[in-house]
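# here is my input; please provide its structure:
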Amino acid sequence: MRRAVLTAAALAGALTLAGCGTGSGSSKADLSVSASYMPQPVSADMAAGFLTITNKGGTKDELTSVTSDVAGQITMHSTVGGSMEEKTSFAVPAHGQLVFKSGGNHLMFEKLKHKPEQGQKVTLKLTFAKSGPLTVEMPVESATYNPSTGH
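Numbers count the residues shown, from 1 in each chain. Next up, the predicted model:
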C-alpha cells in the first residue's frame, strides 16, 4: 500500500512539473512577420520578395513553403558569396529571426499571373513545419525602394 501511495505522489508531482511553464508560450514557436515588401517587378513574369519572420518562442521552426495567387510558384533562395541557391526550407531559430533581404535570402515569385504595381498588396501564405500557416499582406513598393530609409 505504501508503495502505491509513493508512486501516486511521484506521478502527481511529475504531472504538476510538466504543466509548469512561463505562460508566454516559450515552449513553442511564436511566429510573426514584419518588414514585408515586393519591389515593383521590372519583368512581366518574375518578382522578388522580402520579409522578416520573428520567433519569440522557445522552439525553432522551419519555413517550408510560400504560396500566392499572384504567382505560379514561389521559390526560396539564399545568396552566399554572390551565388544564389534555391532552398526547400529555412530554419526559424528559437528567440531569433529569419531575414529575407536584398542581397541575401529572398523569395522569387515566378510565372506571375499579372504584374503587381506599386501601391498594391500581394497576399502570401507562409507554411511552417510545426506552426500553423501565416497569411501576409506584402505591399508592392517602387523598384528602387530601400527599407532602411522607407523610400
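# state the phi and psi torsions of residue 45.
Phi and psi for residue 45, reported as degrees, to the nearest 10, are phi -120, psi 0.
# centroid-nearest residue for this structure?
The centroid of the chain falls nearest to residue 53 when counting by C-alpha atoms, centre = their mean (4.3 Å).
# could you find the closest non-adjacent residue to that residue?
residue 98 (4.4 Å; C-beta to C-beta, 6 or more residues apart in numbering). For glycine as for every other residue, the C-beta is placed from the backbone atoms N, C-alpha and C.
# assign a three-state SS to the residue nearest to the centre of the chain, would you?
Of the three states, residue 53 takes strand according to DSSP: H, G, I helix; E, B strand; the rest coil.
# that one against residue 32, yeah?
Yes - with contacts counted by C-beta atoms under 8 Å, residue 53 reaches residue 32, the gap being 7.4 Å.
# circling back: so what pairs up with the residue nearest to the centre of the chain in the strands?
Under DSSP bridges, the beta-bridge partners of residue 53 are residue 33, residue 98.
# tell me the contacts of it?
Residues near residue 53 by C-beta atoms under 8 Å, 6 or more residues apart in numbering: 31, 32, 33, 63, 92, 97, 98, 99, 126.
# not counting its neighbours along the chain, what's nearest the last one?
Once flanking residues are discounted, residue 126 sits nearest to residue 134: 4.5 Å by C-beta to C-beta, 6+ apart.
# okay then, goodbye and thanks.
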